[in-house]
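Asks: Need the 3D shape of this:
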Amino acid sequence: MSTKKPGGNPARAGEAEDAREARRKKAAALRQRELARERSRRVVLISIAVVVVLALVAVVVVVIQRSRPEDVPTAAQVNPPSAGATAAGYVLAGTPAAGAPTVDVWLDYQCPFCKQYETAAGDAYVALATGGQAKVVVHTLTFLDDKLGNTASQLAAEGAAAADAQGRFAEYTKVVFANQPEEGTGYTLADLRGFAKDAGVADLDAWQKAVEGHAYRDYVKSVQASMDANKVSGTPTVTVTSASGQKTSLTNEQLLGADPVGALQSAVTAATAAP
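Replies: Predicted structure coming up:
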């Protein structure tokens with residue numbers, strides 16, 4: 001007959017409980033270390049993402065600032081001499097003959113279609129002015145700045161006004177379009193100074209002082225503000241108005257088709273009053 005009492009050994013039971021508790025603590029510690037590692041990994045990833053975003057923002061700011069004129073002019077506001085009045089376009093050199101029509105050309109220095117038209121017909125409308133066949137007025141718009149996210153059209157237009165102050169508006173316009181970068185890239189001040197030099201602007205320091213001081217900022221903005229009043233919806237836009245006031249707008253096909261020069265000359269001829 002066995003004399004062993006039921007209930008087991010209390011000491012061994014305590015040891016087993018201690019072992020289980022130790023295992024629970026070890027597992028909990030492992031979980032805490034794993035959670036800490038995961039938190040550290042997330043912090044590193046978030047930090048990297050923040051650095052990347054800040055770097056991208058810095059790049060965007062630098063790109064925009066390459067062509068952004070300051071908002072506040074440091075020079076007195078003036079109108080370019082060939083325009084004369086606020087919101088008026090540049091009247092190209094020449095003396096219109098009696099009965100000659102007025103040709104209005106609307107352009108934006110960042111517009112690739114304007115470059116296409118200027119390449120084909122820019123010299124032709126300048127020749128119409130110098131030859132007395134028409135009064136030619138050029139209007140520099142800047143609406144593409146909002147669409148492209150820069151201010152290069154404004155800057156280039158201010159450069160045009162500063163070039164006009166030295167009698168080189170048409171030449172400057174030709175050079176700027178000939179060197180137009182990919183749409184959206186914009187122009188830097190250094191780019192435009194080089195174009196002004198190539199266009200024959202004699203006093204480049206005076207040109208740059210006027211552009212950096214934004215002496216023509218308000219004038220350029222006034223031309224842009226006149227766009228809607230003149231029912232101009234895009235660029236290039238070319239209209240021919242007879243001496244009696246009858247206005248004809250050239251179509252896109254005439255402006256950008258096979259013979260822009262012929263289309264312009266035909267419209268001028270048709271609008272010229274008989275002597």
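
Asks: my guess is Cys114 contacts Leu107, does it?
Replies: Yes: using C-beta atoms under 8 Å, Cys114 makes contact with Leu107 at a distance of 4.3 Å. C-beta: built from backbone N, CA, C; applies to glycine.

Asks: Any chance you could list residues touching both of the two?
Replies: Shared contacts of Cys114 and Leu107, defined by C-beta atoms under 8 Å, 6 or more residues apart in numbering, comprise Thr235, Pro236.

Asks: Do you have the strands of the stretch 151-275 of the chain handy? List them.
Replies: Secondary structure of the stretch 151-275 of the chain, counting by DSSP state E, counting those that start in this stretch: strands at 237-241, 247-249.

Asks: Name the surrounding residues that touch the longest one.
Replies: The contact list for strand 237-241, computed with C-beta under 8 Å, 6+ apart, reads 101-106, 117, 125, 134, 247-250, 255, 264, 267-268, 270-271.

Asks: now with 7 Å?
Replies: If you take C-beta atoms under 7 Å, 6 or more residues apart in numbering as the criterion, strand 237-241 is touched by 101-106, 247-250, 255, 264, 267-268, 271.

Asks: Relative to Lys174, which of these is nearest.
Replies: Nearest to Lys174 out of the contacts of strand 237-241 is Val105 (C-beta to C-beta; 12.6 Å).

Asks: Beta-bridge partners for the closest one, please?
Replies: Using DSSP bridges, the beta-bridge partners of Val105 come out as Val138, Val238.

Asks: distance of it from Ala215?
Replies: Distance of Val105 to Ala215, given as C-beta to C-beta, to the nearest Å: 24 Å.

Asks: Tell me how many other residues surround the nearest residue to Cys111 once chain neighbours are set aside.
Replies: If the residues on either side of it in the chain are set aside, Cys111 comes closest to Thr235, at 4.6 Å by C-beta to C-beta, 6 or more residues apart in numbering. Neighbours of Thr235 under the rule other C-beta atoms under 10 Å: 24.

Asks: residues in contact with Thr235?
Replies: By C-beta under 7 Å, 6+ apart, Thr235 lies in contact with Trp106, Leu107, Asp108, Cys111, Phe113, Cys114, Leu141.

Asks: out of Val105 and Ala215, which sits in the busier spot?
Replies: Each of Val105 and Ala215 has its neighbours counted (other C-beta under 10 Å); Val105 has more, 26 against 22.

Asks: Thought Tyr125 was touching that one, still the case?
Replies: Yes: counting by C-beta atoms under 7 Å, Val105 touches Tyr125, with 6.1 Å between them.

Asks: pLDDT weak spots in this structure?
Replies: 1-16, 43-45, 47, 49-71, 274-275 (pLDDT under 70).

Asks: Tell me, how many residues neighbour the nearest residue in space to Ser249 that is not next to it in sequence?
Replies: Closest residue to Ser249 apart from its sequence neighbours, by C-beta to C-beta, 6+ apart: Thr239 at 5.0 Å. Thr239 has 20 neighbouring residues, counting by other C-beta under 10 Å.

Asks: And the contacts of stretch 263-275?
Replies: Stretch 263-275 is contacted by residues 98-101, 103, 121, 124-125, 128, 133-134, 238, 240-243, 248, 250, 254 when judged by C-beta under 7 Å, 6+ apart.

Asks: mind redoing it with 6 Å?
Replies: Contact with stretch 263-275 is made by Gly99, Pro101, Ala121, Gln133, Ala134, Val240, Ser242, Ala243, Thr248, Leu250, Gln254, as judged by C-beta atoms under 6 Å, 6 or more residues apart in numbering.

Asks: What separation is there between the residue nearest to Cys111 and Phe169?
Replies: Thr235 sits 17 Å away from Phe169, going by C-beta to C-beta.

Asks: do Asp145 as well
Replies: 20 Å.

Asks: which of the two has more neighbours?
Replies: Phe169 (26 against 22).

Asks: tell me the contacts of that one?
Replies: Contacts of Phe169 by C-beta under 6 Å, 6+ apart are Ser82, Tyr90, Ala160, Ala163.
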